[in-house]
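Trainee: Provide a 3D model corresponding to the input given below.
(chains A and B)
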Amino acid sequence: MHFRLIELGFEYRTPFSPARCALSGISLEIREGEMLAVVGSSGSGKTTLIQHLNGLLEPSSGSIAFSPGGVEPGDLFRKVGLAFQFPENQLFEKSVFEDVAFGPRNLDLGEEDVEGRVRRALSRVGLPPETWRRPPFQLSEGEKRRAAIAGILAMEPEVLVLDEPTAGLDRDGSERIESILRDFHGSGGTVVFVSHDMDLVGRLSRRVVLLSSGRLLFDGTREDFFGNAALLQQSGLQMPSPMRFLKSLKEKGLPVNELVFSVEDAKRELTRVFRCEAGAVH
Amino acid sequence: MIEVRDITVAYPGSVSVLRGVSFQIRRGERIALMGCNGAGKTTLIRCLNGLVAPDSGDVRVDGLSTREVSGSLHARGKIGMVFQDPDDQMVAVTVEREIAFGLENIGLPRPQMISRVEEAVQRFRLSQVRGVSPHLLSGGERQRLALAAVWVMHPDYYVLDEPTSLLDPETRAEVFEFLDQEMKNGDRAFLMATQFPEEAQSCSRLLVLHGGRIAADGHPGDVFSDAAACSGFGLRIPAAMELDQFMKDQGFAFPSH
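Mentor: Numbers count the residues shown, from 1 in each chain, chains lettered A, B, ... in the order given. Model prediction:
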């Protein structure tokens, strides 16, 4: 599935409040199989933007086209799974299994198909069968988040859209979510996620879209994004922390390439540089 | 001072969440609270102002036990609570009414209330949205509103449950600047739960909860320097510390570092 946004604009209007312009003039293509991060300061329009991707919001101006061949509006929610911030707040069924089955049950499938989808989804997020019959509220925070994502995966979407997928999770919980997203992307799916965690954006994304006051300020590779110190500063964002560490060494004279996106990569780069230095001395 | 004395909490039908937790928060302290999900951080935070009553043990705020009604009311007046998801604490139809809510409840005379609300609107940069429903605000504005609604009550202690997990780096820095300002006179204190080790590093003390107990309590640099222990508690350590340690272990000497 391919998205083409042309000059998209959106205004929030309610009878009780003045209209607020959230997005304007956003032109953007999202291709199949991308791993795209949407970043920007609070209030820049990230959440509003991604809610257009599954038709939850319709543009106030401009357009969004879904291809190939256009998608019936009623079909969008099947093809594009959207996880809100803290999606576990929406768990409501009496068991994890039933909660995940809720979506597919609305798809006119046979019971066997539904159960197959639920089992596949729960396995993909790594929830062991002994948790399936438990009330979702008895799960840990990390497990609840995964159960909520399983509910989306059970719809077998082509695109996963997530708003702050790891917010509030501890180290293990975040790593689990990261690997779920990597697997989904690895099997051909498109992932679009919003995050304020630049370490996560560095590790996971290939392309970064930056919004500022509802406008598109940058669209390019993660390397170009994090390599642009002026842009980061202007938009109040930071480099990933391993990159910041290497940059501080570089500023002190170590000939290191600071463009790394994980602690492991940083260790490799340090090893390379110190081996070179040692070689040069001997 | 807030004194937590050997408290235990178990929710019905589940294992104990807190199993004998004791510590003190002295005025002037800037405390980070870390621990994996389910370690009991939120429960502990809710015990501090009497939202959750411990099964045993006691919490005293300025010497008054939260077990007594008067002590519990005292605690709620002295402790400003901010939660992770600001939506959880929004009750009013507009930003201004939200800020005024606590003041209305304590019966502050109207002219004083109006001036305090105005002060809060200015200080937290909410004047553009003063008439807007809290639910239409951006994530950052909502968290600023939550802080404003707490600040307006002039608390002595701030207790914050992962208040920055939905914020951009700039707004996160603003939260810390705000707390710095509040701490300037040394007569207030804060305790902040966080999953970000870099935030814990900027505090003066780090408490780690693990398995319902205080597993570590000390200067953040000292706690993080035991990487194996932190890993066992399910904590990340700051990337800079991990890489620094890696260089030492590998014998990568870089004198000017």
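
Trainee: All the strands of chain A, in order from the start?
Mentor: Assigned by DSSP state E, chain A shows strands spanning A:2-14, A:17-30, A:35-39, A:61-67, A:80-83, A:159-163, A:190-194, A:207-212, A:215-221.

Trainee: So for chain B, which of these sits nearest?
Mentor: Ranking the strands of chain A by their distance to chain B (criterion: Cβ to the nearest Cβ) puts strand A:17-30 first, at 4.9 Å. For glycine as for every other residue, the C-beta is placed from the backbone atoms N, C-alpha and C.

Trainee: which neighbours does the closest one have in its sheet, and in what orientation?
Mentor: The pairing partners recorded for strand A:17-30 under DSSP bridges are strand A:2-14 (antiparallel).

Trainee: Give me the nearest residue to A:Gly103, chain neighbours excluded.
Mentor: Using Cβ to Cβ, 6 or more residues apart in numbering or on different chains and skipping residues adjacent in sequence, the residue nearest A:Gly103 is A:Met155, 4.8 Å away.

Trainee: Please determine how far that neighbour is located from chain B.
Mentor: 25 Å (Cβ to the nearest Cβ, to the nearest Å).

Trainee: In contact with the spatially closest residue to A:Leu53 that is not a sequence neighbour: list those residues for me.
Mentor: Residue nearest to A:Leu53 in three dimensions, not counting chain neighbours: A:Val161, with 5.1 Å by Cβ to Cβ, 6+ apart. By Cβ atoms under 8 Å, 6 or more residues apart in numbering or on different chains, A:Val161 lies in contact with A:50, A:53-54, A:80-83, A:191-193.

Trainee: Go again with 7 Å.
Mentor: By Cβ atoms under 7 Å, 6 or more residues apart in numbering or on different chains, the contact set of A:Val161 is A:50, A:53-54, A:80-82, A:192.

Trainee: Dump those residues to CSV, plus distance to B:Leu145 and pLDDT.
Mentor: CSV is the format used below for the contacts of A:Val161 (distance: Cβ to Cβ, whole Å; pLDDT from 0 to 100):
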residue, distance to B:Leu145, pLDDT
A:Ile50, 23, 96
A:Leu53, 28, 94
A:Asn54, 28, 90
A:Val80, 31, 93
A:Gly81, 31, 93
A:Leu82, 25, 93
A:Val192, 28, 98
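
Trainee: And the residues you listed, which two are furthest apart?
Mentor: The two members of the contacts of A:Val161 with the most space between them (Cβ to Cβ) are A:Ile50 and A:Gly81, at 11.5 Å.

Trainee: Can you report how many residues neighbour A:Ser213?
Mentor: Other residues near A:Ser213 come to 14 when the count uses other Cβ atoms under 10 Å in any protein chain shown.

Trainee: does it really touch A:Ser44, like I thought?
Mentor: Yes - counting by Cβ atoms under 7 Å, A:Ser213 touches A:Ser44, with 6.3 Å between them.

Trainee: Please state the offset of the helix or strand containing B:Gln245 from the chain centre?
Mentor: According to DSSP states H and E, B:Gln245 maps onto helix B:239-250. Offset of helix B:239-250 from its chain centre (Cα atoms, centre = their mean, to the nearest Å): 30 Å.

Trainee: List, one by one, the residues from the stretch 101-250 of chain B near chain A.
Mentor: Proximity of the stretch 101-250 of chain B to chain A (Cβ under 7 Å from any Cβ of the partner chain) is limited to residues B:131-133, B:136, B:138-141, B:162, B:165-171, B:195, B:198, B:234-236, B:238-240, B:242-243, B:246-247.

Trainee: nearest to A:Asn106, of the contacts of A:Val161?
Mentor: Nearest to A:Asn106 among the contacts of A:Val161, counting by Cβ to Cβ, is A:Gly81 at 13.6 Å.

Trainee: hang on, the earlier thing: and of the contacts of A:Val161, the nearest to A:Ser63?
Mentor: Minimum distance to A:Ser63 across those is 13.3 Å, recorded for A:Leu53 (Cβ to Cβ).

Trainee: ok, how many other residues are close to the closest one?
Mentor: Look at A:Leu53: counted by other Cβ under 10 Å, it has 23 neighbours.

Trainee: so what's the residue nearest to A:Leu53 bridging to?
Mentor: Here A:Val161, judged by DSSP bridges, has bridge partners A:Leu82, A:Val192.

Trainee: Would you mind measuring from it to B:Ala229?
Mentor: 38 Å (Cβ to Cβ, to the nearest Å).

Trainee: Correct me if wrong: B:Ser65 contacts B:Pro54.
Mentor: No - in this structure, B:Ser65 is not within contact of B:Pro54 by Cβ under 7 Å, at 10.7 Å.

Trainee: who's more crowded, the two?
Mentor: Using other Cβ under 10 Å as the criterion, B:Ser65 and B:Pro54 rank with B:Pro54 on top: 22 against 17.

Trainee: OK, contacts around the more buried one?
Mentor: With contact set as Cβ under 7 Å, 6+ apart, B:Pro54 has these partners: B:7-9, B:47.

Trainee: For whatever residue of the stretch 51-200 of chain B ends up closest to chain A, grab phi and psi.
Mentor: Using Cβ to the nearest Cβ, the closest approach of the stretch 51-200 of chain B to chain A is made by B:Gly140 at 2.5 Å. The phi and psi values for B:Gly140, taken as degrees, to the nearest 10, are phi -70, psi -40.

Trainee: Excluding chain neighbours, what is closest to it?
Mentor: Per Cβ to Cβ, 6+ apart, closest to B:Gly140 is A:Ser42, 2.5 Å.

Trainee: In what element of secondary structure is B:Ile45 found?
Mentor: According to DSSP H and E, B:Ile45 maps onto helix B:41-48.

Trainee: For the helix or strand following that helix, list every residue counted as buried.
Mentor: Toward the C-terminus, helix B:41-48 is succeeded by strand B:56-61 as the next helix or strand (DSSP H and E). Using 16 or more other Cβ atoms under 10 Å in any protein chain shown as the test for burial, strand B:56-61 gives B:57-61.

Trainee: which is the next helix or strand following strand B:56-61?
Mentor: strand B:64-65.

Trainee: tell me which strands and helices that next one is in contact with?
Mentor: With contacts taken as 3 or more Cβ pairs under 7 Å, 6 or more residues apart in numbering or on different chains; DSSP states H and E, strand B:64-65 sits against helix B:69-78.

Trainee: Chain B contacts on chain A?
Mentor: So far as Cβ under 7 Å from any Cβ goes, chain A lies against chain B at A:12, A:14, A:16-17, A:20, A:41-43, A:85-86, A:140-142, A:164, A:167-173, A:196, A:236-238, A:241-242, A:245, A:249, A:252-254, A:263, A:266-267, A:270, A:274.

Trainee: Give me the buried entries from those residues.
Mentor: Of those, these count as buried by 16+ other Cβ under 10 Å: A:12, A:17, A:20, A:41-43, A:85-86, A:140-142, A:164, A:167-171, A:173, A:196, A:236-238, A:241-242, A:245, A:249, A:254, A:263, A:266-267, A:270, A:274.

Trainee: Mind telling me which residue is nearest the centre of the chain?
Mentor: In the absence of a named chain, this looks at chain A. Central residue of chain A (Cα atoms, centre = their mean): A:Phe193, 1.8 Å from the mean position.

Trainee: switch to chain B, that's the one I care about
Mentor: Among the residues of chain B, the one closest to the centroid is B:Leu160, at 1.9 Å (Cα atoms, centre = their mean).
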